[in-house]
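Q: quick one: sequence and predicted model below, then my questions.
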Amino acid sequence: MKQEIRLHLALETAAAYRRMGMGAGPNVVSLALLAELSGVPWIGYDVRGAQREDAERDVRVLRSCLEGQLDVAMAPGPDLLEVAFNVRPDRVTLVPERREGGAALSGLDARFLKDALRKQVLHLRDAEIEVAVQIEPDLEQVKALHRSEAQIAVLFAGPWVRATNEADRAGERRRLLDAADMADRLKMGVAIAGGLDLKAVEDLAASNSITELHVGHACLARSMAVGIERSVSDFLAAIRRGRASTL
């Protein structure tokens with residue numbers, strides 16, 4: 001039996017666009033509320049990077065306004081974990097720190113970090129905050145993440161999304177789905193993130209192992225043409241089409 005796949009909308013793109021306009025908009029909270037009313041159960045927000053003070057202010061306002069679920073993405077570390085305890089999001093997603101220039105690694109190395117990662121995961125879980133960790137879609141990484149006791153494996157789909165030929169795309173897709181299957185067998189929730197568009201969402205929604213699809217830029221870019229409510233509706237429809245098909 002296929003399990004439900006939830007849509008997760010990350011709003012960092014909207015915040016970046018607001019900064020380009022010197023604070024003139026869009027209003028991140030308004031977008032979040034409209035997305036929530038349109039059927040998005042999870043709103044995500046990334047507090048890494050140079051604009052951390054603004055991001056922390058945004059997540060505090062989001063926490064006070066949203067009726068649904070709030071997921072805050074942050075790099076491991078005592079300073080950012082303090083934000084989690086102050087904001088009390090429903091979930092913290094642990095991700096690599098951004099490198100100079102704004103780019104970030106695709107996932108944490110759960111094998112290398114092991115004991116330190118498990119300590120932070122358990123610290124958050126003791127505070128009744130759900131914990132997700134973004135990793136490469138690699139079987140050894142999935143096994144290591146399971147040992148950390150994280151509840152959600154967020155598999156990075158960037159190489160699959162960016163693949164330019166059919167052979168590479170097929171190989172990356174298989175790698176992604178194999179990792180999803182293993183995480184599901186290990187009783188973790190399985191999320192996919194990394195530049196997903198409508199086509200990618202429909203494709204991945206056919207999997208029995210995936211429980212969540214993370215979108216951001218593609219959904220918000222589409223909303224500039226059709227509005228956030230229609231854009232969300234289009235992505236939810238893509239999930240339904242994918243669920244109606246088989247791999």
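A: Here it is on my side, so go on.

Q: and stretch 42-60, how far out from the chain's middle?
A: 14 Å (Cα atoms, centre = their mean, to the nearest Å).

Q: with stretch 236-245 instead?
A: 19 Å.

Q: now do it, average pLDDT.
A: For stretch 236-245, mean pLDDT rounds to 94.

Q: isn't Leu196 right next to Leu204, touching?
A: Yes - if you go by Cβ atoms under 8 Å, Leu196 and Leu204 touch, sitting 7.3 Å apart. C-betas here are computed from N, CA, C, even on glycine.

Q: common neighbours of these two, please.
A: Taking Cβ atoms under 8 Å, 6 or more residues apart in numbering as the criterion, Leu196 and Leu204 both touch Ala157, Leu213.

Q: which parts of this protein are strands?
A: 6-10, 42-46, 69-74, 91-94, 130-135, 152-156, 189-193, 212-215 (DSSP state E).

Q: in TSV, list those strands along with mean pLDDT and distance to Ala163.
A: Formatted as TSV, the strands of the chain follow (pLDDT from 0 to 100; distance: least, Cβ to Cβ, whole Å):
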stretch	mean pLDDT	distance to Ala163
strand 6-10	97	22
strand 42-46	95	24
strand 69-74	95	24
strand 91-94	96	24
strand 130-135	98	19
strand 152-156	98	13
strand 189-193	98	15
strand 212-215	98	18
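
Q: okay, the ones you listed in TSV with mean neighbour count next?
A: Shown next, in TSV, are those (neighbours: other Cβ atoms under 10 Å):
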stretch	mean neighbour count
strand 6-10	23
strand 42-46	25
strand 69-74	23
strand 91-94	26
strand 130-135	24
strand 152-156	26
strand 189-193	25
strand 212-215	25
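
Q: could I get these as TSV with distance to Val226?
A: Shown next, in TSV, are the strands of the chain (distance: least, Cβ to Cβ, whole Å):
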stretch	distance to Val226
strand 6-10	15
strand 42-46	19
strand 69-74	25
strand 91-94	28
strand 130-135	29
strand 152-156	27
strand 189-193	23
strand 212-215	15
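
Q: in this protein, which ranges drop under the pLDDT threshold?
A: By pLDDT under 70, the low-scoring segments of the chain are 1-2, 22-25, 50, 99-105, 246-247.

Q: tell me which residue lies nearest the centroid of it.
A: Geometric centre of the chain, nearest residue: His214, 4.5 Å, by Cα atoms, centre = their mean.

Q: report the beta-bridge partners for that one.
A: His8 (DSSP bridges).

Q: now do the contacts for it.
A: For His214, the contact set (Cβ under 8 Å, 6+ apart) comprises His8, Ala10, Gly44, Val154, Ala191, Ile192, Ala193, Gly194, Leu196.

Q: let's have these in TSV, adding distance to Val59.
A: Shown next, in TSV, are the contacts of His214 (distance: Cβ to Cβ, whole Å):
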residue	distance to Val59
His8	15
Ala10	12
Gly44	10
Val154	18
Ala191	19
Ile192	23
Ala193	18
Gly194	22
Leu196	22
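
Q: Pro26: which of those residues is nearest?
A: Ala10 (14.3 Å; Cβ to Cβ).

Q: quick check: the closest one touching Leu70?
A: No - judged on Cβ under 8 Å, Ala10 makes no contact with Leu70 at a distance of 11.4 Å.

Q: who touches both of the two?
A: Joint contacts of Ala10 and Leu70 (Cβ under 8 Å, 6+ apart) are Gly44, Tyr45.

Q: ok, residues contacting stretch 112-128?
A: By Cβ under 8 Å, 6+ apart, stretch 112-128 touches 76, 81, 84-85, 92, 94, 108, 110, 131, 133, 144, 147-151.

Q: pull out the buried residues from that stretch.
A: Neighbour-count burial for stretch 112-128 flags Leu113, Leu117, Arg118, Gln120, Val121, Leu124 (criterion: 16 or more other Cβ atoms under 10 Å).

Q: quick one: the longest helix seen in the chain to chain centroid distance?
A: Longest helix in the chain by number of residues, with DSSP state H as the criterion: helix 166-185. Its chain's C-alpha centre and that of helix 166-185 lie 18 Å apart, by Cα atoms, centre = their mean.
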